[in-house]
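1. Next one to model:
(chains A and B)
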Amino acid sequence: AQSVTQPDIHITVSEGASLELRCNYSYGATPYLFWYVQSPGQGLQLLLKYFSGDTLVQGIKGFEAEFKRSQSSFNLRKPSVHWSDAAEYFCAVSGGYQKVTFGTGTKLQVIP
Amino acid sequence: EAQVTQNPRYLITVTGKKLTVTCSQNMNHEYMSWYRQDPGLGLRQIYYSMNVEVTDKGDVPEGYKVSRKEKRNFPLILESPSPNQTSLYFCASSSTMGYEKLFFGSGTQLSVL
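-> Down below sits the predicted model:
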């Protein structure tokens, strides 16, 4: 069965600092990988997705993620965090024409 | 504007009183799904639908029902709510299951007393 692990429940970074959120997945074949963001009181919004091709994927709001098959990872990065990035971030995996399985989320706090 | 609309936004009810949470999408999506979000557990799928009259159980279907009589609507029914169903619920839709991004509603915060 497919699964996603986000090892960091909560992360605090200073505004302007770089950010990396970790995601490890379990899936037997080539996965479809997603990062979603949930701002307080709102639904989830897609940041980026990976299906195939270039392993470095660019998303909205200046985020990027890198697919590393050998490490079963899909970490999310941003070079300089803004206060508006404070939110909860979810990594998700799918096998294609299958349901999407979400991780437990990482809450990001941004301090001035 | 493309959107998924859920109602109500907040709901407080008592144990055993039947309730329905509505979900509607205006994107002609075939795939729709319900999730519940609980602290430390992330999003867990309750039920999903591949198309009209086609529904299937997700990971946590006990105590819930769904129907898909029209493509745009996918209501979630709790026939006898219990306190362990207190949660934040999200409806989502996409053009296909698993490949394309999910569009989420704004959520329904349910409290069962």
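2. what's the span of stretch B:11-28, first residue to last?
-> Separation of the first and last residues of stretch B:11-28 by Cα to Cα, to the nearest Å is 28 Å.
3. avg pLDDT for it?
-> Stretch B:11-28 shows a mean pLDDT of 97.
4. residues making contact with it?
-> Under the criterion Cβ atoms under 8 Å, 6 or more residues apart in numbering or on different chains, residues B:2-8, B:32, B:34, B:71-83, B:89, B:91, B:93, B:95, B:103, B:105, B:108-113 lie in contact with stretch B:11-28. C-beta: built from backbone N, CA, C; applies to glycine.
5. Drop anything exposed from those.
-> If you count burial by 16 or more other Cβ atoms under 10 Å in any protein chain shown, the buried members of the contacts of stretch B:11-28 come out as B:4, B:6, B:32, B:34, B:71-76, B:78, B:81, B:89, B:91, B:93, B:103, B:105, B:108, B:110, B:112.
6. What parts of chain B come near chain A?
-> B:4, B:33, B:35, B:40-45, B:48, B:58, B:90, B:92, B:96-99, B:101-102, B:104-107 (Cβ under 8 Å from any Cβ of the partner chain).
7. Just give the closest residue to the most centrally placed residue in chain A, not the sequence neighbours.
-> Nearest to the geometric centre of chain A sits residue A:35, at 3.7 Å (Cα atoms, centre = their mean). Distance criterion Cβ to Cβ, 6 or more residues apart in numbering or on different chains; nearest residue to residue A:35, sequence neighbours excluded, is residue A:47 at 4.4 Å.
8. So what does the one you found look like in phi/psi?
-> phi -90, psi -50 (degrees, to the nearest 10).
9. mind listing which of the contacts of stretch B:11-28 are in strands?
-> Members of the contacts of stretch B:11-28 lying in strands (criterion: DSSP state E): B:4-7, B:32, B:34, B:76-78, B:89, B:91, B:93, B:103, B:108-112.
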